[in-house]
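[1] I'd like to go over a predicted model; first the sequence, then the structure.
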Amino acid sequence: MSAVYFFFFGAQGAMTPFLSLFYKSAGLSATEIALLLSVPPVMLFLSQPLFGQLADRSGNRGRLFGQILVAAALAGALVSLGSSFWTFLPLVALWSFFSGPLGAIADSIALGEVQRTGASYPQLRLWGSVAWVITTTLGGWLYNRIDLRWSFAFYTTISLVTLIFSRRLPAEGVSRERGPLPPFSTLFRIPELTGFLLCSGLLQVTVAANSAFLSIHIGSLGGSNSVVGLAWAIAASMEVPVWLYLDRITERFGAMEVVTVSAFMYGLRWLLMGVAPAAGLVLALQLMQAVTFALFAPTAVQIVGRLVPQELRTSGQALLVLVNSGVATVIGNLVSGRLVDLSGTVLLYRVAAVIALAAGLGFLLLTRRTRGGAAVRREVTRVG
């Protein structure tokens, strides 16, 4: 599973941080870039429920992951053929349909391995960050010397390497006993899950805005493609040491408390990004990935994994991705694109800071007003 995460996120790191720069080099406006970056989350509304339920019903998540991976790799290569907004649009939609569900299926398989073997989910997932550091750093250096279209070839190649290791994934997570599968709507009747997803989605609006325009923000401050790659690499490198000890952190302080702190630190991070006068300071602020994404992302996966019925584990992760990478990302991309066109990236980060602080308040209220904080703390500790 560690190898799958390594190559899967290595492929992502070779291409996705540079997409906005590639679109900009093709002559697209910030609004058009935001629209294209919103296509993947929009496609999640089609692909996540479909493939999530298919994975839960098939009993062979590993094989399904490999099949979708091949389709995503080939479709990703086609995106490089675009030349204008209207030629990019259908190609990005096709790639997004297949690439979107892969993360949720991988996380579902990983959670099954955690329950079956007692492994640590953050320590499995950290190998994705290691690969991200490598490919974003090398990519930033290479793309100063070669055309950005090569990023799609690297994405496809590394994705196909992932396929080799995905063949070793287990067919099922924990048990092979097949009972009647509860309907997907069951998930919406879990109040702790609903509250958590609302706050998580609000925070993800700001994360999506940063992901869409960080590279352009660095460029506006005088940074080169090498600096862009280094910025993404620094952020990912900060995740690794945190994930080595994240199980101990959540056991000591509680899972809901951890995500609450993370949200407030996101607010501080975006505020500082909005006043950074130079690209070098943005690089320094990327160190805050350790107390933002590194704390939040794996903890959120585990919280949702323990709040949903085991037989709907993949559907639960699909719902988390649908909210965060779907609804929230669409909102974040479209709003941020409009803000950048109107007033530049500085205003974008100031608005993001306010939204992230609001999400932190939501998590704080959720922790204090329900028993979810203590319950989730016990469950996540048991998983780790």
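    On my side now, so go ahead.
[2] doesn't residue 296 make contact with residue 262?
    Yes. Counting by Cβ atoms under 8 Å, residue 262 does reach residue 296; the two are 4.0 Å apart. All C-beta atoms are positioned from the backbone trio N, CA, C, and that covers glycine.
[3] Count the neighbours of residue 84 for me.
    Taking other Cβ atoms under 10 Å as the criterion, the count of residues near residue 84 is 11.
[4] I should have written residue 239 there, sorry.
    Other residues within reach of residue 239, judged by other Cβ under 10 Å, total 26.
[5] same question, the one 4 residues further on
    Using other Cβ under 10 Å as the criterion, residue 243 is surrounded by 25 other residues.
[6] what's the helix or strand for it?
    Here residue 243 is covered by helix 225-253, with elements defined by DSSP states H and E.
[7] Can you name every helix or strand that that helix contacts?
    Using 3 or more Cβ pairs under 8 Å, 6 or more residues apart in numbering; DSSP states H and E as the contact criterion, the secondary-structure elements in contact with helix 225-253 are helix 121-142, helix 191-220, helix 255-275, helix 279-285, helix 293-307, helix 372-383.
[8] low-scoring stretches of the chain, by residue?
    Scanning the chain for pLDDT under 70 picks out 48-49, 52-53, 55-60, 169-189, 191, 309-314, 369-384.
[9] wait, what's in contact with the spatially most central residue of it?
    Compute the mean C-alpha point of the chain, and by Cα atoms, centre = their mean the closest residue is residue 325, 6.7 Å away. Neighbour list for residue 325: 40, 41, 44, 100, 103, 204 [criterion: Cβ atoms under 8 Å, 6 or more residues apart in numbering].
[10] quick one: the first one and residue 96 touch, right?
    Translated: residue 40. Yes. Using Cβ under 8 Å, residue 40 makes contact with residue 96 at a distance of 3.8 Å.
[11] overlap in contacts of those two?
    Once Cβ under 8 Å, 6+ apart is applied, it turns out that residue 40 and residue 96 contact no residue in common.
[12] hang on, residue 92 packs against residue 42?
    No. Counting by Cβ under 8 Å, no contact exists between residue 92 and residue 42, whose distance comes to 10.1 Å.
[13] So between the two, which is more surrounded?
    Of the pair residue 92 and residue 42, residue 92 is the one with more neighbours under other Cβ under 10 Å, namely 26 against 17.
[14] List the residues that contact that one.
    Residues in contact with residue 92, defined by Cβ under 8 Å, 6+ apart, are 36, 39, 40, 79, 82.
[15] measure it to residue 81 for me?
    Using Cβ to Cβ, to the nearest Å, we find residue 92 at a distance of 11 Å from residue 81.
[16] Could you do residue 219 as well?
    Using Cβ to Cβ, we find residue 219 at a distance of 25 Å from residue 81.
[17] More neighbours: the two, which one.
    Neighbours per residue (other Cβ under 10 Å) separate residue 219 from residue 81, with residue 219 holding more: 19 against 11.
[18] contacting residues for that one?
    Contacts were defined as Cβ under 8 Å, 6+ apart; by that measure residue 219 touches 21, 228.
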